[in-house]
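A.B. asks: would you be able to build a 3D model of this:
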Amino acid sequence: MEFSEDDAAAVYDVTNPWRPDPGTSDAFYTEYATAAGSVLDVGCGTGQMLHLLRERGHHGRLAGIDPDAAALRRARRRPDIEWLEGPAADIPWRGEFELATMANNAFQCLVTDGDIAASLTAVRAALTGGGRFVFETRHPQARAWEAWAAAEPAPFRYDGRELLSWWTVESADGGVVTFTETVGEPGRTPLRTDRATLRFLGVDPLNEALRRAGFAVEHQYGDFSGGPLTSASRSIVTVARAG
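C.D. replies: Have a look, this model is predicted:
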């Protein structure tokens, strides 16, 4: 069985459905997006959040940008939303959105200081004066990659078949973690392996990068229920306002 990029995108929707249940990250972003007249979802993936907004009657402007062509092919099933292929740094819009989001820890795909600076600058430029940028990143103190390395394979069903996914951490150095995710058949016969590198950025350097890009931190939480950011927090959930 060939397991293509389109299959990988479809599996993401199967294993990570957008469910805005109370207290979840999906609910947090959905609440902000529902209240905004125009929304830009940066790193939109397969477009699940924007699809849901339309299904729930959001009549404002909705747009998503992502560098993954296969994910965008799924997103484009709704033609009443604007879709653009590319990285965050290539956002072309200027002063057009009340809200920008970056959900599901997509911010961590910005690995270098240059990536972060260019992307934040582009997001800021796309927002109206006073517009908000809402996103989260895993707190480095929680060392999430250690749990990935120790986790058992996760079973799921796709296209009538029982499959597994598992993770292997290749390196973790200086807040930069490289890992692979493999999809395979029971018995760990691999069908597809994808490699990714993520940046785990602490609170102080994150806030300094936001300041340099023209943002002021409005709120910062340790979870999606609005809990405080503490030494035990696993996430840094940020609401920043464009200056």
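A.B. asks: which SS state does the nearest residue to A172 once chain neighbours are set aside fall under?
C.D. replies: In space, and not counting its chain neighbours, A172 is closest to W145: 5.3 Å by C-beta to C-beta, 6 or more residues apart in numbering. Every C-beta, even on glycine, is put in place using the N, C-alpha and C of the backbone. Here W145 is recorded as helix under DSSP: H, G, I helix; E, B strand; the rest coil.
A.B. asks: domain ranges for this protein?
C.D. replies: Listed domain ranges for the chain are 5-140+200-242, 143-198 (source: automatic domain parsing).
A.B. asks: ok, back up a step: which residues touch the residue nearest to A172?
C.D. replies: W145 sits next to 169, 172, 177, 179 when contact means C-beta atoms under 8 Å, 6 or more residues apart in numbering.
A.B. asks: how about low-confidence regions in the chain?
C.D. replies: Residues of the chain meeting the criterion pLDDT under 70: 1.
A.B. asks: give the residue farthest from the middle of it.
C.D. replies: Most distant from the centre of the chain: G187, at 30.4 Å, with distances by C-alpha atoms, centre = their mean.
A.B. asks: and that residue, how far from G160?
C.D. replies: G187 sits 18 Å away from G160 when distances are taken as C-beta to C-beta, to the nearest Å.
A.B. asks: residues near the closest residue to W93 other than its chain neighbours, how many?
C.D. replies: Distance criterion C-beta to C-beta, 6+ apart; nearest residue to W93, sequence neighbours excluded, is A126 at 4.4 Å. The local packing of A126 (other C-beta atoms under 10 Å) involves 24 other residues.
A.B. asks: ok, E152 next?
C.D. replies: Around E152 there are 7 other residues, counting by other C-beta under 10 Å.
A.B. asks: returning to that earlier point: what sits against the residue nearest to W93?
C.D. replies: Contacts of A126 by C-beta under 8 Å, 6+ apart are 40, 91, 93-97, 100.
A.B. asks: now, of these, which are buried?
C.D. replies: When those are checked for burial by 16 or more other C-beta atoms under 10 Å, the buried set is 40, 91, 93, 96-97, 100.
A.B. asks: which SSE is R54 in?
C.D. replies: Per DSSP states H and E, R54 falls inside helix 48-55.
A.B. asks: what packs against that helix?
C.D. replies: helix 25-35, strand 38-42, strand 61-66 (3 or more C-beta pairs under 8 Å, 6 or more residues apart in numbering; DSSP states H and E).
A.B. asks: can you name the next helix or strand after the last one?
C.D. replies: Beyond strand 61-66 on the C-terminal side, the first helix or strand identified by DSSP H and E is helix 69-75.
A.B. asks: list phi and psi for A149.
C.D. replies: Backbone geometry at A149, expressed as degrees, to the nearest 10, gives phi -70, psi -30.
A.B. asks: quick one: secondary structure of E208?
C.D. replies: Following three-state DSSP, we place E208 in the helix state.
A.B. asks: how near is it to E136?
C.D. replies: 18 Å.
A.B. asks: when these two are compared, which one has more neighbours?
C.D. replies: Ranked by neighbour count (other C-beta under 10 Å), E208 and E136 place E136 first, with 24 against 10.
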